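below are the sequence and a predicted model; questions follow.
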Amino acid sequence: MRSLFRNPLGLTGFCITFFVVSAMIVGPWISPYSPTEADYMALLAPPGWSHPFGTDSFGRDVLTRIFYGARVSFSVVTVGICAAAIIGAVAGLISAYLGGWWSGIIMRISDLLFSFPSFVLALFLMVLLGFGLANIATAIALIYIPIFTRLTRNMALLVKDEPWVQAAELLGQSTLSILGREILPNIAAPLFVQMALGLAFGIVIEAGLSFLGLGVQPPDPSLGTIMADGREYFQRSPWVLTLSGASISVALLGLNLLSDGIRDVMDPKLRARL
């Protein structure tokens, strides 16, 4: 953490991400408004003291809905990315270390998932699985499993023949011990970077699905559904779409800068220059 705070990109990304996560957690508790109850006396009210981000066509406070929507988006994406990282890391380690027909089967499945563009695959999975938060997390996980599998496999192939791995084999350590204690800790850096990037792009995927009506369903808030509502009356009340989109941009900026900082800190070659 000290190295991360000495890195300008990492410190900036950490501060932005910390601010976003704090607002996402604390915001719903301090907001006096409900994210779903309509207020027909304040329809499309512009930003002001009582409603800093204005209201939507049902009189709902936009800032409150962004707080709740960000909580939903981050929770779903985090579950999906963590599941993809665990499954992909296990599959990649098995493919790299055991090789043979294990590697062939795992990599062919990864190639099949890679053959579809990410958002097209997400659309197909949501149509196949149906609506719901669990299905969104499943779709995001299936999109990123081949990415983590390939990354883990490529990094594991680079270190599997290193002296410390060969020494562990000569000492009679089990395959599970070698994978978990000798190989995985030495390839963890790019996996953490990919997780941070995956969170950023996962938010885009979730928002896109909700924007098209395939994700979180109204009246429950989501960053994508808020933008979809604001699209219909953008010329009259542009603040709904603009401010919700700006909130997503700030979150993505923080995660991208944080991933760059993690890469610089955890890469030995780059860390030596800090």
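Here it is on my side, so go on.

quick one: T152 and I183, what's the gap?
Shown here: T152 relative to I183, a distance of 9 Å by Cβ to Cβ, to the nearest Å. Placement of C-beta: from N, CA and C, glycine included.

ok, the residue positioned nearest the centre of the chain - contacts?
With distances taken as Cα atoms, centre = their mean, the residue of the chain nearest its centroid is L199 (1.5 Å). By Cβ atoms under 8 Å, 6 or more residues apart in numbering, L199 lies in contact with F74, V77, T78, I81, L255.

related to what we said a few turns ago, what do T152 and I183 both touch?
The contact sets of T152 and I183 overlap at L93, A96 (Cβ under 8 Å, 6+ apart).

who has more neighbours, those two?
Between T152 and I183, T152 has the larger neighbour count (other Cβ atoms under 10 Å), namely 27 against 24.

quick one: contacts for the more buried one?
T152 touches G88, A89, A91, G92, L93, A96, I187, L191, counting by Cβ under 8 Å, 6+ apart.

ok, back up a step: need the contacts of L199 in TSV with secondary structure and neighbour count, can you?
What follows is those, written out as TSV (DSSP: H, G, I helix; E, B strand; the rest coil; neighbours: other Cβ atoms under 10 Å):
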residue	secondary structure	neighbour count
F74	helix	20
V77	helix	25
T78	helix	17
I81	helix	26
L255	helix	23
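
closest one of the residues you listed to W239?
When the contacts of L199 are compared for distance to W239 (Cβ to Cβ), F74 wins out at 22.7 Å.

so how far is I106 from that closest one?
Distance from F74 to I106, by Cβ to Cβ: 30 Å.

again with S210
32 Å.

higher neighbour count, those two?
Neighbour count, other Cβ under 10 Å: between S210 and I106, S210 has more, with 28 against 22.

can the contacts of T152 go into TSV with extra columns for distance to P218, secondary structure and pLDDT?
As requested, these are arranged in TSV below (distance: Cβ to Cβ, whole Å; DSSP: H, G, I helix; E, B strand; the rest coil; pLDDT from 0 to 100):
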residue	distance to P218	secondary structure	pLDDT
G88	33	helix	92
A89	36	helix	92
A91	37	helix	91
G92	39	helix	90
L93	42	helix	89
A96	45	helix	86
I187	43	helix	84
L191	36	helix	89
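
which of the residues you listed ranks first by neighbour count?
For the contacts of T152, counting by other Cβ under 10 Å, the largest number of neighbours falls to G92: 29 neighbours.

just the element for the closest residue to it other than its chain neighbours, please.
Of all residues not flanking G92 in the chain, T152 sits nearest, at 2.7 Å (Cβ to Cβ, 6 or more residues apart in numbering). Using DSSP states H and E, T152 sits within helix 133-159.

same question for that helix, mean pLDDT?
Here helix 133-159 scores 89 as its mean pLDDT.

all helices for this structure, in order.
2-6, 8-30, 62-98, 100-114, 118-129, 133-159, 163-170, 175-177, 188-211, 223-232, 239-266, 268-271 (DSSP state H).

quick one: closest of those to S50.
Closest approach to S50 among the helices of the chain (Cβ to Cβ): helix 62-98, 10.6 Å.

show me what the closest one is packed against.
helix 8-30, helix 100-114, helix 133-159, helix 188-211, helix 223-232, helix 239-266 (3 or more Cβ pairs under 8 Å, 6 or more residues apart in numbering; DSSP states H and E).
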